[in-house]
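**Student:** Fold the stuff below for me.
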Amino acid sequence: MGDKVTLKVDRREIFGKKVKQLRRRGLTPGVVYGANMEPIAIQADAGEVVRVYAEAGKHTPVQLSGTKHRIAMIKAAEFHPIKHGVIRHISFHAVRADEPVVAEVPIRLAGEGESAAERNGLVVLQAIEKIEVKALPMELPESLEVSIMNLADAGDRVTIGDILLPSGVEIVDNDDGREGTADDNVTVKDLVVASVYEPAALEAANEAVAGESTSADAEDVPVEGEKPGAEAE
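**Tutor:** Numbering: from 1, shown residues only. The predicted structure is shown next:
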């Protein structure tokens, strides 16, 4: 983990339509909830809330101070529909420091743009950008990295199993619909994170997809004199 993310909050005494008053004062309303505790209405500096959301997202624990020191995860943030980047309301889920939590963290490709495959004019495409992990709150990684430096030829790939996990962190296997299918014996470690492709093969695949889309659109165009949805006799 990087530096701790902290946010000072105060108990909120204003509810309903009156929360507009808070927003005019530069405060963002929110709530903290969790197991074995009553939900707590809170408020915090609007700029600080935006900063914390940018730094923590939904995968990094936030240390809340002010009413009582708590460790919490951001569960939801309601953004203003017009004013870009303005958070209207934020929800935190309080967690225990000694109990593992599950969070979705981003996967980053180490060596992107520098692999042998890319130097030879091939293309590396990332198929999985996020993965769920389980760890103690303060041990949750900001991201996971997998190296693509050894990728050289078309068809080469890296999988979830190639990710070097920090101590105390494990990948969550959600099955993702594999049970009872031909991939029933595939584990989460077998899932492909990134693969190498020939540019020509990618271009052909994209053209094929575009052609299928065009054909589907053409089938939906009604023939003159024919009612939409009516089958030809």
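**Student:** Output the host helix or strand of Phe92 as PDB, nothing but the C-alphas.
**Tutor:** Using DSSP states H and E, Phe92 sits in strand 87-95. What follows is strand 87-95, C-alpha atoms only, in PDB (Å, rounded to 0.1, in the frame of the first residue of the first chain):
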ATOM      1  CA  ILE A  87     -19.700  14.700  -5.600                       C
ATOM      2  CA  ARG A  88     -23.200  15.300  -4.200                       C
ATOM      3  CA  HIS A  89     -23.200  12.400  -1.700                       C
ATOM      4  CA  ILE A  90     -20.800   9.700  -0.500                       C
ATOM      5  CA  SER A  91     -21.300   6.400   1.300                       C
ATOM      6  CA  PHE A  92     -18.600   4.600   3.400                       C
ATOM      7  CA  HIS A  93     -18.700   1.000   4.700                       C
ATOM      8  CA  ALA A  94     -16.800   0.700   7.900                       C
ATOM      9  CA  VAL A  95     -14.500  -2.400   8.200                       C
END
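**Student:** Next, work out how far apart Glu48 and Arg25 are.
**Tutor:** Look at Glu48 and Arg25: by CB to CB, to the nearest Å, they are 14 Å apart. Placement of C-beta: from N, CA and C, glycine included.
**Student:** I misspoke; the intended subject was Glu198.
**Tutor:** Counting by CB to CB - Glu198 and Arg25 are separated by 58 Å.
**Student:** out of those two, which sits in the more crowded spot?
**Tutor:** A direct count of neighbours by other CB atoms under 10 Å for Glu198 and Arg25 places Glu198 higher, at 14 against 11.
**Student:** wait, that one sits on Leu122?
**Tutor:** Yes - assessed by CB atoms under 8 Å, Glu198 is found in contact with Leu122 at 6.4 Å.
**Student:** Leaving out the residues flanking it, which one is nearest to Ala103?
**Tutor:** His59 (4.3 Å; CB to CB, 6 or more residues apart in numbering).
**Student:** re the thing from before, any idea of the mean pLDDT for the strand holding Phe92?
**Tutor:** The average pLDDT within strand 87-95 is 96.
**Student:** Going forward, count from 798.
**Tutor:** Taking 798 as the first residue, the last one we looked at is strand 884-892.
**Student:** Could you give the separation of stretch 894-907 from the chain centroid?
**Tutor:** 10 Å (CA atoms, centre = their mean, to the nearest Å).
**Student:** what sits up against that stretch?
**Tutor:** 855-858, 868, 870, 892, 921, 923, 925-935, 937-946, 960, 969, 990-991 (CB atoms under 8 Å, 6 or more residues apart in numbering).
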